[in-house]
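*Asks:* Pasting the sequence and the predicted coordinates here, then a few questions.
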Amino acid sequence: MNLETRLGRLTLPNPILVASGTFGYAKESTGFVDFARLGGIVPKTVTASPRVGNKPPRIVETAAGMLNSIGLDNDGIDHFIEHHVPYLATLGTRIIANVAGKTEAEFPALVAKLNPIKGIHAIELNLSCPNVSGGIDFATNPEVTERVLRQCRSETELPLLAKLTPNVTDLVSIAEAASRGGADAVTLINTVLGTAIDWKRRKPILSNVLGGLSGPAIKPIALRAVLTVARRVKIPIVGVGGVCTIDDVMEFLVAGASAVQLGTVSFFDPTASMRILDELPQAITSMKASSVTDVIGSVILPT
């Protein structure tokens, strides 16, 4: 069974990735996951300078997922390169660094800093974090998205993934802009903006009021995004949002995703990626296919 898939110039041994912000820097999952079996790891988002993130409370469970307002809490790019990359590079899988800029100029600067670092196979640009206090959601504007991608592309030959927000009226135009700017793939989707309220105290639960909804609740939204964008945009898609089972994975692949990221599921079932990898060959065989690429985008739509 050929499980290999491609995201532009990035080749993955299989389509199962773990999503940024839900897998830490991998050490946290030691004992649950055989890292070398994964298609790749997307570590926690890093920024130019250390960030303490938003004040607690910053996570709320929901009926079918969770709201988070972490606010990109991290120790900064220099700490990531010095302390985390050496370990990540030993895990035997693709490492896709995830970066977020406070300004447009910070994105290419972050990419330039990562470009010469051994052990980094690609970079995912977090253009769409919805819960950063004072932050900018760059992926709500096609012109800004394209401009940021072009600037980042000029700083590296590494594959670039653009992580886009669903909190827009026309996601296709944003994905097209990312493609024009030089993205190798787009990651669809980031969290959906939401809130939670303690009605007895008449106050929002999250300190930042708004947060990003993730988990099974957003899978239909993410699946719609992948299906819609795949029909209009030429570059590959990484599907993310509520992926918990082999059925979820296959739905995203058939809809047009070339790979998927497991996110919130890692919190309540840290072995999910291993189970899915065990089940993936049989799922592909059941479709009378012999490779992952045979399945990608094979959905049959009404005429």
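*Replies:* Thanks, I have it. Numbers count the residues shown, from 1 in each chain.

*Asks:* continuing past the helix or strand that contains residue 220, what's the next helix or strand?
*Replies:* Under the criterion of DSSP states H and E, residue 220 resides in helix 219-230. Using DSSP H and E, the helix or strand that follows helix 219-230 in sequence is strand 237-240.

*Asks:* contacts for that next one?
*Replies:* 7, 17, 19, 161, 185-190, 222-223, 226, 229-230, 252-253, 255-263 (Cβ atoms under 8 Å, 6 or more residues apart in numbering). Glycine gets a C-beta too; all of them are placed from N, C-alpha and C.

*Asks:* now stretch 105-113
*Replies:* Against stretch 105-113 from outside (Cβ under 8 Å, 6+ apart): 46-48, 77, 81, 99, 101, 123, 125, 138, 148, 151-152, 154-156, 158, 160.

*Asks:* now swap in stretch 189-197 and tell me
*Replies:* 60, 62, 67-68, 126, 128-131, 139, 163-167, 171, 203-206, 209-214, 218, 221-222, 225, 240-241.

*Asks:* how does it look with 7 Å?
*Replies:* By Cβ atoms under 7 Å, 6 or more residues apart in numbering, the surrounding residues in contact with stretch 189-197 are 60, 67, 128-130, 163-167, 204-206, 209-214, 218, 221-222, 225, 240-241.

*Asks:* Can you say which of these are buried?
*Replies:* By the neighbour-count criterion of 16 or more other Cβ atoms under 10 Å, those include these buried positions: 60, 67, 128-130, 163-167, 204-206, 210-214, 218, 222, 225, 240-241.

*Asks:* tally of neighbours for the closest residue to residue 64 other than its chain neighbours?
*Replies:* Closest residue in space to residue 64, ignoring its immediate chain neighbours: residue 217 at 3.9 Å, by Cβ to Cβ, 6 or more residues apart in numbering. If you count neighbours by other Cβ atoms under 10 Å, residue 217 ends up with 19.

*Asks:* so when I look at residue 217, I'm seeing a helix, right?
*Replies:* Yes. According to DSSP: H, G, I helix; E, B strand; the rest coil, residue 217 belongs to a helix.

*Asks:* need the contact list for it.
*Replies:* 62, 64-65, 242.

*Asks:* Could you export the biggest helix by length in the chain as CSV, CA atoms only?
*Replies:* As assigned by DSSP state H, the longest helix anywhere in the chain is helix 272-286. Taking Å, rounded to 0.1, in the frame of the first residue of the first chain, the C-alpha atoms of helix 272-286 are listed here in CSV:
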residue,chain,number,x,y,z
ALA,A,272,-5.7,8.4,17.9
SER,A,273,-3.0,9.0,15.3
MET,A,274,-1.6,5.5,15.8
ARG,A,275,-5.0,3.9,15.5
ILE,A,276,-5.8,5.8,12.4
LEU,A,277,-2.5,4.8,10.8
ASP,A,278,-3.3,1.2,11.6
GLU,A,279,-6.7,1.5,9.9
LEU,A,280,-5.7,3.6,6.9
PRO,A,281,-4.5,0.8,4.5
GLN,A,282,-7.7,-1.2,4.9
ALA,A,283,-9.8,1.9,4.3
ILE,A,284,-8.0,2.6,1.1
THR,A,285,-8.3,-1.0,0.0
SER,A,286,-12.0,-0.9,0.7
